[in-house]
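K.L.:
fold the following for me, if possible:
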Amino acid sequence: MASPHPATEDGAPAGLMQSLRRLADTALGVLQNRLELIVSEIEEERLRAVQLLVWGSAALLFFGFGLLMLTLVVILLFWDTHRLLIAVALGILYFGIAVALAMGARRRAQRPRIFSASIEEIAKDRDTLRDV
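P.N.:
A predicted model of the protein is given here:
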């Protein structure tokens, strides 16, 4: 009499092997999906960093031009009376502004962890698998 579950070459039931293959296929699909999400996040972060660098560099360049022109105007206004004092005062002012901006940039550089969306999705996957 034939068995209701045909066996494979190694003696395991065919239904079990098929289930294991489907499980492995599903696990690989989930892994591929998560890796694609990570790659997408890396690409987005790279593009954002390049854009930030370009825009920031252009802003700094023109800010420097404007500051230089304004400094020259102020020094020319006080040329006959206190040109050295004004030049030193403006230098100290610019140094103070530079320190404040550097501290602000450092504070803004601290952002959420990279791959946070991928980590959240993997955590959801683990929770789903625990509930099964």
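K.L.:
pLDDT below threshold where in the chain?
P.N.:
1-13, 111-115, 129, 132 (pLDDT under 70).
K.L.:
and if we set it to 80?
P.N.:
Along the chain, the model assigns pLDDT under 80 to residues 1-14, 109-123, 125-132.
K.L.:
for it, what spans make up the helices?
P.N.:
Ranges of helices within the chain are 14-77, 83-109, 116-131, based on DSSP state H.
K.L.:
give me the buried stretch members for the second one, please.
P.N.:
Yep, that's helix 83-109 we're talking about. Residues of helix 83-109 classed as buried: Ile86 (neighbour count, 16 or more other C-beta atoms under 10 Å). (Glycine included, C-beta is placed from N, CA and C.)
K.L.:
same check on the last one?
P.N.:
Using 16+ other C-beta under 10 Å as the burial criterion, the residues of helix 116-131 that qualify are Ser118, Glu121, Ile122.
K.L.:
please name the residues that touch the first one.
P.N.:
It refers to Ser118. Arg34, Leu37, Ile38, Glu41 (C-beta atoms under 8 Å, 6 or more residues apart in numbering).
K.L.:
give me the number of residues near the third one?
P.N.:
Which is Ile38. The local packing of Ile38 (other C-beta atoms under 10 Å) involves 16 other residues.
K.L.:
the first one now?
P.N.:
Each residue near Arg34 was counted by other C-beta under 10 Å, and the total is 16.
K.L.:
was I right about it contacting Glu121?
P.N.:
Yes - counting by C-beta atoms under 8 Å, Arg34 touches Glu121, with 6.2 Å between them.
K.L.:
spit out the residues that contact these two alike.
P.N.:
By C-beta under 8 Å, 6+ apart, no residue touches both Arg34 and Glu121.
K.L.:
what residue is smack in the middle of this protein?
P.N.:
Closest residue to the average C-alpha location of the chain: Glu45 at 4.3 Å, with C-alpha atoms, centre = their mean.
K.L.:
please tell me how far it sits from Leu53.
P.N.:
Distance from Glu45 to Leu53, counting by C-beta to C-beta, to the nearest Å: 13 Å.
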